[in-house]
Structure formats: C-alpha cells, structure tokens
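Trainee: Structure of the sequence below:
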Amino acid sequence: MEIVTESEIAARLRSLPGAEPRFVVSGNYATPWSLVGLADETLERCRAFILNPQLGWPIREGFITETPFVGPGARNDPNLDYLPMRLSLTPRLFASLRRPDAVLIQTSVPRDGKVSLGIEVNIIPAAIEEVRRRGGLVFAQMNSRMPYTRGDAEIPIDWIDFAIEVEGTLPSPEPRELDEAAQAIGEAVGHLAMDGGTLQMGIGQLPDAAVAHMLDKRDMAVWSEMVSDGVLHLERAGTLRDSEPIVTSFLFGTPELYEWADGNERLLMRRTEVVNSPSRIATHPAMLSINTALEVDLFDQANASFVRGRIYSGFGGQPDFVIGALHSPGGHAVLALRSWHDKSATSKIVPVLRDPACSFQHSMIVTEQGVAAMFGRSQHAQAHQLIERTAHPNARPMLREAAGRLGLLRPTDLH
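Mentor: Coordinates of the predicted model:
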C-alpha cells in the first residue's frame, strides 16, 4: 500500500482502461466521499457500482450508477442502472457481467498489517478479489474514526494499491420517534421471538421497534444482513447468547453503535454471499426474519422496491431471508408494515400489486391492526386474514369488493 496525494489518485483513476471504467464503491454509511469526488471530477464517463448510495451521490451525464439496491442519493437519477436481483447473488456479477476495474473503499487505519472495512463489508470482499485477479486497482480512504471490525472486514494492507488519509465522522440515520402504529407493530412482532431463536432485521423503523419488545428473551443469536442499535440493546439486556458471535454484513446506526463495534470480538463481519445465503440462514433454529414493504396485495405478494412505478429501493436481502427463514426449523418470515399511508390517504394492503413483487409466501403479515397468518393457508384464507386482520378499517370495504371480483372470498374455505 502506498499513501499518496489526491492528485496522484486522480492520475491513477485516469489510467483505468476503457471509455467507461467501472469501479465498486463501499456503500451505505461507509462511502469514501473523497475518492468518489475525485472519480467524479476526473472521469468524464464511468460506471460506479454501489449499494444504497446516500444523499450527495453524483448525478450527472456520464456518471452511471449501477446498483441492486437504490438509496436516497440515486432515486432521481435519470441515468440510474438498476439491477433487479437478490443480494446474495450480487457478488457473482463481478466475475461475469459487471467486471470492475477498480474498487474504492473507506477503511480503518492499519493495525498489525491490516485495515478493516469497518461498518460495511457486504459485496466489497468479492469485488476486491476480482479486481486483484484482473490486475485492477484498489483505492482506500483511511479514516481513524472507522471502527476496526473483524472477520471478512479485515484486509491485508498489501491488497491496497493506493491510499489517502481522510479523518471524518461517520454518518448515521436520522433518529425517528416511534409513533403509536410503530409501537403496536413492534409489540406484535416482538412476541414472535423465541428463547434460543435467531434474529434477522431489515432496514427500517419497524424492525427496530420489534427489538424493543424482545429484551426479556434469552439465549438468542443474531444472523442478520444488517445490525443497528436494536441489537446493541439486546446485547446489553443479556438477551443474546455468549457462545456465538453477532454475525452481520454491515452496520447502520449511531456513533454509539460504531464505538461498540470497534475491536469487539463479539461482532463478526461476514461477506454478503455468506450472510445472505438462504441455505446458511436455514441452518439457524427458529430464525425470525423481520422485514418491511411498501405494500402487500391479497395474494401475499410484497412490493418493497417501487413507488408509483419508479424504483425506490430494491430486493435487497429480503427474498434471501424470507426463503431461509421458512426453511429454518421453527422459523418465521415476518413482513411488518403500516396499514395506511397518511400522506396519500391510501391503503398499504392492496388488491393486486401494480409494481413488481420482491418477495411472497411469508409466515405472517403484521400491521398496527393485527397479525395475518399466511403460511399454509389457502389463497381465500390469506385474503380474508389480510383484509380483516391487517387492513385499515377505511380500506376494508374496497378490499372486500376487490377480493370478490378476484374470486378470493369464499366463506366456506377460510382456513
């Protein structure tokens, strides 16, 4: 690894091959903004592969963002190249259809000949391995405030070609106060957790709300694509078993969470193709997978990706964990969402999805109205449960009428 100036980084970026060199970038809250800025200023045309780009991400002609999970920084990008695919399969792209010429990462400062990817492992190890195999370049933005996490996060310093030193505070999601609906949903989901079970949580306020109602559980484990402050609360409450590490692929939380993660042997960072593997997820007992969606239809199809026909996020790890949890002994794949969207005054339980589905065949759908059991029920029973137990009262007449038109309501077969 050679520590260089920003002008030297720019020169190396200009040397990347092809008219549209492709680089993979650390996403979420580990984005190496200085390196991204240099690439934006230096390269007239390029392709940047990233997960969940945050606000401030470049949007311009010639800067093409490739992603299977769209973040707030790219939702209005007319040049966005959205890739609809499961997160567990994404690393395969680097050796096939989306071969990178470089990787841009944010890391910790070196310890014992290594640096750490810190709060964002995800797809980066696979990208680094492929770039090194192809003779490409690995650029690092080293930050003394990046926590040193272990496992697949650790990288030998000789895997990095060029580095700059940029100290800065890591961003965190904006805190949101839980309203009555979130509290009700969290309580209902929290009751589904079992002593000795395993937990996965997706991004969002509702999975976090559920964790607050699990603090009395014991001997639980965490195998989750993402870890937020809720897991820190479980750890401090004595909910988690000491004999197993907390396994995740990225952190999404407060500075307190990042401080707790630094050098913590309880935390094991693993790469996407390990954490999100449905077969590995299925080996964990009583896996409780908690995800959310933008809307669910009467056929138990969930849309977590599109808003009014425009891409909003993506599959992410939801289908991976839904499948894995359903195959786990005693496992449940739970989808939690509010029943009603206040701003548009519309139901989030809809007759039929207009946008593509990202998951289906869940164990249960939970809203602030109640819990609808899906697994093993007939399509008539599923529709009945969704309408009568999870839909907002204002939406039920419309949904009953739609269910009748769709042939989904048959009173003699509601089980």
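Trainee: how's the chain carved up into domains?
Mentor: Listed by automatic domain parsing, the domain ranges of the chain are 2-165, 180-413.
Trainee: Export those domains to TSV and append columns for mean neighbour count.
Mentor: Using the backbone N, CA and C atoms, a C-beta is placed for each residue, glycine as well. Below are the domains of the chain laid out as TSV (neighbours: other Cβ atoms under 10 Å):
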stretch	mean neighbour count
domain 2-165	19
domain 180-413	20
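Trainee: I'd like to know which of these lies nearest to residue 171.
Mentor: Counting by Cβ to Cβ, residue 171 lies closest to domain 2-165 out of the domains of the chain; the figure is 4.7 Å.
Trainee: And for the helix or strand of the chain with the lowest mean pLDDT, what's in contact with it?
Mentor: Using mean pLDDT, DSSP states H and E, helix 205-211 stands out as the lowest-scoring helix or strand of the chain, at a mean of 86. When contacts are defined by Cβ atoms under 8 Å, 6 or more residues apart in numbering, helix 205-211 is touched by residues 176, 178, 182-183, 185-186, 189-190, 193, 199, 201, 228-231, 233-234, 290-292, 336-338.
Trainee: Could you tell me which residues make contact with the closest residue to residue 169 other than its chain neighbours?
Mentor: Nearest residue to residue 169, sequence neighbours excluded (Cβ to Cβ, 6 or more residues apart in numbering): residue 145, at 6.1 Å. By Cβ under 8 Å, 6+ apart, the contact set of residue 145 is 167-170.
Trainee: Just the buried residues out of the residues you listed, in ChimeraX syntax.
Mentor: Typed into ChimeraX, the line below selects the buried ones among the contacts of residue 145, using 16 or more other Cβ atoms under 10 Å:
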select :170
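Trainee: what's the closest of the contacts of residue 145 to residue 393?
Mentor: When the contacts of residue 145 are compared for distance to residue 393 (Cβ to Cβ), residue 170 wins out at 43.0 Å.
Trainee: ok, and the closest one, which helix or strand is that part of?
Mentor: Applying DSSP states H and E as the criterion places residue 170 outside every helix and strand.
Trainee: Now do the helix or strand where residue 183 lies: which elements does it pack against?
Mentor: Here residue 183 sits within helix 180-190, counting by DSSP H and E. Using 3 or more Cβ pairs under 8 Å, 6 or more residues apart in numbering; DSSP states H and E as the contact test, the elements touching helix 180-190 are helix 205-211, strand 332-336, strand 364-367.
Trainee: who's in contact with that helix?
Mentor: 178, 205-214, 290, 334, 336-339, 366-368, 370-371.
Trainee: Low-confidence ranges, the stretch 151-300 of the chain, go.
Mentor: Along the stretch 151-300 of the chain, the model assigns pLDDT under 70 to no residue.
Trainee: Do a quick rundown of the strands in it.
Mentor: Ranges of strands in the stretch 151-300 of the chain, per DSSP state E, counting those that start in this stretch, are 154-156, 162-165, 198-201, 221-227, 246-251, 267-269, 287-292, 295-297.
Trainee: With distance to residue 323 added, can I get those in JSON lines?
Mentor: As requested, the strands of the stretch 151-300 of the chain are arranged in JSON lines below (distance: least, Cβ to Cβ, whole Å):
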{"stretch": "strand 154-156", "distance to residue 323": "29"}
{"stretch": "strand 162-165", "distance to residue 323": "39"}
{"stretch": "strand 198-201", "distance to residue 323": "12"}
{"stretch": "strand 221-227", "distance to residue 323": "13"}
{"stretch": "strand 246-251", "distance to residue 323": "17"}
{"stretch": "strand 267-269", "distance to residue 323": "23"}
{"stretch": "strand 287-292", "distance to residue 323": "9"}
{"stretch": "strand 295-297", "distance to residue 323": "17"}
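Trainee: for those strands, which one sits closest to residue 51?
Mentor: Among these, the nearest to residue 51 by Cβ to Cβ is strand 246-251 (8.3 Å).
Trainee: the inter-axis angle of the closest one versus strand 221-227?
Mentor: 0 degrees (axes from the mean of the first three to the mean of the last three Cα atoms, to 10 degrees).
Trainee: picking up where we left off before, quick one: closest of the strands of the stretch 151-300 of the chain to residue 39.
Mentor: Closest approach to residue 39 among these (Cβ to Cβ): strand 162-165, 12.6 Å.
Trainee: Can you give the contact residues for that closest one?
Mentor: Contacts of strand 162-165 (Cβ under 8 Å, 6+ apart): 1-6, 8-9, 12, 34-35, 107, 109, 137-143.
Trainee: Tell me the gap between that strand and the middle of its chain.
Mentor: Strand 162-165 sits 28 Å away from the centroid of its parent chain (Cα atoms, centre = their mean, to the nearest Å).
Trainee: And for stretch 350-361?
Mentor: Taking Cα atoms, centre = their mean, one finds stretch 350-361 lying 19 Å from the centre of the chain it belongs to.
Trainee: Thanks a lot, catch you later.
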